[in-house]
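*Asks:* Sequence first, then the predicted structure:
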Amino acid sequence: MNNQWKEIVGYSLSAIGTIQAAIGNTPQFHLNKNLGYQLRLVGNVLQALGSALSADGQGTASFEKIGDEIQATGNSTVITGMLVGDAWGEKIEQKLMITGLWMQALGSFVGFSDEFFDRTEDGRLENISGSLLQGIGNSLQAISGIQSLNENNSESDLVEVAGSWIQATGSVLSLIGQIQEESEEIHLNIHE
């Protein structure tokens, strides 16, 4: 698989994963607890794989590559929190998930900065908007986790759901932008 396709497949996996995790985070869907957990877990696994594949597809060292690596690490941290929660306790689970969400937000913002240095114009607006929305969405989810950890749950569920869907929207925009960017790179025979 060439590098452009790695990035497109990576962004596709990330978009599918964010949507899946958002569905699992949305109480209005009335999912049973186990199904919601499985959707969030598999969604984060898909996001981690997608970010890692996108990073691997980068032609050279860049802020985009570093951002993808940070996001993959953040998703892995969330996954760890979800898997060890029963054994290590709810507080440790929440702290790991909050840390992972902040890392994902950081990765989005680091990747966002790379768009200003890209030689290709196609997809730039979508990638900038998508990265910003993902960073905002992850930040809202982390804030919700902090509220929950501090037992200030009055609005934490609403903030978490909003953050999940904002992140998912950003991920879809980034996928659209990445497809446009990679298509232009293929046409111009360049790889960034």
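*Replies:* Everything's here; your move.
*Asks:* Can you give me the neighbour number for N44?
*Replies:* Here the count is done by other CB atoms under 10 Å, and N44 has 27 residues near it. Any C-beta I mention is one placed from the backbone N, CA and C, and that applies to glycine too.
*Asks:* list the contacts for F29?
*Replies:* I23 (CB atoms under 8 Å, 6 or more residues apart in numbering).
*Asks:* Going forward, count from 26.
*Replies:* In the new count, where the first residue is 26, that last one comes out as F54.
*Asks:* Distance check, it against I117.
*Replies:* 28 Å (CB to CB, to the nearest Å).
*Asks:* swap in G170?
*Replies:* 12 Å.
*Asks:* With neighbour numbers in mind, choose between these two.
*Replies:* Neighbour totals were compared for G170 and I117, and G170 leads with 26 against 14 (other CB under 10 Å).
*Asks:* Leaving out sequence neighbours, find the closest residue to the more buried one.
*Replies:* Nearest non-adjacent residue to G170, counting by CB to CB, 6 or more residues apart in numbering: I123, 4.1 Å away.
*Asks:* How many neighbouring residues does A73 have?
*Replies:* Number of residues near A73 (other CB under 10 Å) recorded here: 24.
*Asks:* One more: N178?
*Replies:* Neighbour tally, N178, other CB under 10 Å: 11.
*Asks:* mind checking how far it is from N214?
*Replies:* 54 Å.
*Asks:* these two touch, right, the residue nearest to G170 and S169?
*Replies:* No: shown here, I123 and S169 do not form a contact pair, counting by CB atoms under 8 Å, at 9.0 Å.
*Asks:* returning to that earlier point: residue contacts, the residue nearest to G170?
*Replies:* Applying CB under 8 Å, 6+ apart, the residues near I123 are A167, G170, I171, L174.
*Asks:* just how off-centre is the helix or strand where I204 lies within its chain?
*Replies:* Using DSSP states H and E, I204 maps to helix 181-213. From the chain centre to the centre of helix 181-213 is a distance of 9 Å (CA atoms, centre = their mean, to the nearest Å).
*Asks:* Okay, buried residues for that helix please.
*Replies:* Going by neighbour count (16 or more other CB atoms under 10 Å), the buried part of helix 181-213 is 181, 184-207, 209-210.
*Asks:* cool, and stretch 141-158?
*Replies:* So stretch 141-158, judged by 16+ other CB under 10 Å, has buried residues 143, 145, 147-149, 151-158.
*Asks:* For that stretch, give me every contacting residue.
*Replies:* Residues from elsewhere that reach stretch 141-158, judged by CB under 8 Å, 6+ apart: 87-88, 92, 133-134, 136-137, 140, 191-192, 194-206, 208-210, 213, 215, 217.
*Asks:* how many other residues sit next to T85?
*Replies:* 8.
*Asks:* quick one: it from A112, how far?
*Replies:* Noted for T85: a distance of 41 Å to A112, by CB to CB.
*Asks:* ok, now N177?
*Replies:* 26 Å.
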